[in-house]
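[1] Just a sequence and a predicted model for now, questions to come.
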Amino acid sequence: MSATPFALRATGVTRRFGALAAVHDVSLDLQRGEIHAVIGTNGAGKSTLVNLLSGEIPLSAGSVQLDGADVTHWSQPRRARAGLGRSYQRNNIFLPLSVRENCRLAAQMQAQQAWKLWQPAARCRFSTARADQALERAGLAALAGRAAASLSHGQKRQLEVAMCLATTPTVLLLDEPLAGMGPEESARMLDLLRSLRAEHALLLVEHDMEAVFAVADKITVMVDGGVIASGSPEAVRADAQVQAAYLGGHA
Amino acid sequence: MHKHIPTAAWAWLAAFVLLALLPVLPEPVGSAFHQELGAKVLIMAIFALSLQLLVGYTGLVSLGHAAFFGFAAYTVALLAPQSEAGNGWWLLAASVGAAALLAFVIGLLVMRTRGIYFIMVTLAFAQMVYFVFHDTDLGGGSDGTYVYIKPEFTLFGHRLLDLEQSAHFYWLALLLTAATVGLLALVLRARLGHALVGIRHNEQRMRAAGCNTTAYKLASFTLAGGLSGVAGFLFAVQHGYVNPEILAWHQSGNALLMVILGGIGSLPGAVLGAFSFVLLAEWFQGMTKHWQLLMGGFIIIAVAVLPQGIAGGFVWLRGRWQARRRPTLAAVVPTPQESTP
């Protein structure tokens, strides 16, 4: 189907805010069956990179390709409909709505048909089926009827990912899915990420080094908006520049 | 196939049937005065319902909604023939279409703004429409213009309604209110309405999921504009007279007050808000010429006491009632089971 083996390819992605280059000349490839982690200190530009790739903010320079198509100038909703899903670092869900409706709404955007006024949304098979699958996958099926606002922090993080899955994306950009999670919840989330690897291309922005080295197939290290190293976990761990700039004395 | 009809639908049906009885009730209740007052309430109810779609379900607080209401009323006045009765079907369609078209054009221009800026820009455009009618001879300038003969609704040469009779006009207003409620209920039940509610709660997330939120908001704005045109049509027919004041920001503000008073995010709320607003205004006007002072005081108290509006107050009451009933039931049910062995 795709012209290239890469589900998502970023080339020279740059974003300037005035004189500051928040993201500078970042290139990376994501492919199916691979978890690509982006690590870096606070303010290294990781979340901005996710915003650029997902189309939430426009690029200053560079290009983004999705399944071989140049999507640099596509809006975020259009990229999302083409299979580019993202989750947020801070919980960004529909708090007053039920857990299922959160996912169903996300799924509905892949089959909008807004003119079908005679059909109740609750009976839209396309979106209810995908929502239930996503909830099952993320381990939230038992909580489907609850209001999203009533979930624990860890469950809300799971819902973030479930909403992303409900849109049946090929590429998943996950911004710190483990943030603020306890060890048990983290372990469950890592299992989920591993199970998603087969059919998805995953970009994982994460602070938890242990988790990153446990699941990532490839790691890109960002410092001050630029990439200082990229490669297999072993290669990155051994990189002298990375050790000096980021891992410090720990590695 | 599920043939289950929800309780809300029964409640609406009961309410409309009861309201339809007003003209057949004996005097003094079913008087012409009450029918006219009732029609006035229903017109404002349609207007508030249309704004509710924007404020309560899409999260767009517009302070320019009167522009579409008034534009529809002017459309009736300008298109109605001077010397004979106009075609009601055509005038209704034309005024609703004109209001929707104006809403679409203004919506295209304002949809990029958010929050307080959206309020300001909708107000600005509505004031522009106001001054177009106020300062040009298009609709008689500041004096306004007349609808001399009420339009006729005929079907196969048979006249369905005689709008000169207050009862017939009241029933037409009631029918159009019911149609508005029905259409909005359908929209809110469908994917469109669910998407709008999603936008209200978290527009960023909707975009991330693939929703072109601008297009959805524009659709909502156009639909709300068109529905307020139904109210504008009825207003022009009832009063037989339009002037620029019906386009002014007070009118937009009144609609917003009805929505807030009745309860944001509730269709019955919009109707209850319109009922209480119009009836209170009528009552206060009879008491003093400084009635707006009383109205202002009432709204301040109402918002303080019922932050979720009148509809929210009913929901709260029902919650208390159920909470009081539940323990009683729980206490009654296990007793026979305990006594059996």
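    Done, it's in. Numbering: from 1, shown residues only, chains lettered A, B, ... in the order given.

[2] so how far is A:Asn42 from the residue nearest to A:Ala179 when sequence neighbours are not counted?
    Once flanking residues are discounted, A:Ala179 sits nearest to A:Gln89: 6.2 Å by CB to CB, 6 or more residues apart in numbering or on different chains. Yep, even glycine has a C-beta here, placed from its N, CA and C like the rest. Here the criterion is CB to CB, to the nearest Å. By it, A:Gln89 lies 11 Å from A:Asn42.

[3] So which of those two has more stuff around it?
    A:Gln89 (16 against 7; other CB atoms under 10 Å in any protein chain shown).

[4] pLDDT below threshold where in chain B?
    Within chain B, the stretches with pLDDT under 70 are B:1-3, B:326-341.

[5] Close to chain B: what parts of chain A are there?
    When proximity is defined as CB under 8 Å from any CB of the partner chain, chain A approaches chain B at A:54, A:56, A:75-78, A:80-81, A:85-86, A:88, A:92-97, A:101, A:104-106, A:108-110, A:112-122, A:124, A:127, A:163, A:166-167.

[6] List the ones among those residues that fall in strands.
    Per DSSP state E, strands hold the following members of those: A:Gly85, A:Arg86.

[7] Phi and psi next, for the residue of the stretch 101-250 of chain B found nearest chain A.
    Closest to chain A within the stretch 101-250 of chain B is B:Gly210: 3.6 Å, counting by CB to the nearest CB. Note on B:Gly210: its backbone torsions stand at phi 110, psi 20 [degrees, to the nearest 10].

[8] quick one: it and A:Arg86 touch, right?
    No: B:Gly210 is beyond contact range of A:Arg86, at 10.9 Å (criterion: CB atoms under 8 Å).

[9] which residues are common contacts for those two?
    Common contacts of B:Gly210 and A:Arg86 (CB atoms under 8 Å, 6 or more residues apart in numbering or on different chains): A:Ala80.

[10] how about the nearest residue to A:Leu95, chain neighbours excluded?
    Of all residues not flanking A:Leu95 in the chain, A:Ala149 sits nearest, at 4.1 Å (CB to CB, 6+ apart).

[11] Check B:Phe233 too.
    Nearest to B:Phe233 is B:Ser95, by CB to CB, 6+ apart, at 4.3 Å.

[12] can you tell me the helix or strand for that neighbour?
    B:Ser95 is part of helix B:88-110, with elements assigned from DSSP states H and E.

[13] Likewise for B:Ala67?
    In this structure, B:Ala67 sits in helix B:66-79 according to DSSP H and E.

[14] For that helix, which helices and strands make contact with it?
    Using 3 or more CB pairs under 8 Å, 6 or more residues apart in numbering or on different chains; DSSP states H and E as the contact criterion, the elements in contact with helix B:66-79 are helix B:88-110, helix B:115-135, strand B:145-146, helix B:213-239, strand B:241-242, helix B:249-262.

[15] Compute the inter-axis angle for it and helix B:249-262.
    Computed with axes from the mean of the first three to the mean of the last three CA atoms, to 10 degrees, the direction of helix B:66-79 lies at 120 degrees from that of helix B:249-262.

[16] Just list the residues touching residue 151, thanks.
    Went with chain A since none was named. Shown in contact with A:Leu151 (CB under 8 Å, 6+ apart): A:Val99, A:Leu143, A:Leu159.

[17] look at chain B instead
    Going by CB under 8 Å, 6+ apart, B:Pro151 touches B:Val76, B:Ala80, B:Ala85, B:Gly86, B:Asn87, B:Gly88, B:Leu91, B:Leu92, B:Leu163, B:Val237.

[18] Swap in 7 Å and give it another go.
    For B:Pro151, the contact set (CB atoms under 7 Å, 6 or more residues apart in numbering or on different chains) comprises B:Ala80, B:Ala85, B:Gly86, B:Asn87, B:Gly88, B:Leu91, B:Leu163, B:Val237.

[19] is it possible to export the residues you listed to TSV including neighbour count?
    Formatted as TSV, the contacts of B:Pro151 follow (neighbours: other CB atoms under 10 Å in any protein chain shown):
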residue	neighbour count
B:Ala80	26
B:Ala85	18
B:Gly86	21
B:Asn87	17
B:Gly88	22
B:Leu91	25
B:Leu163	22
B:Val237	26
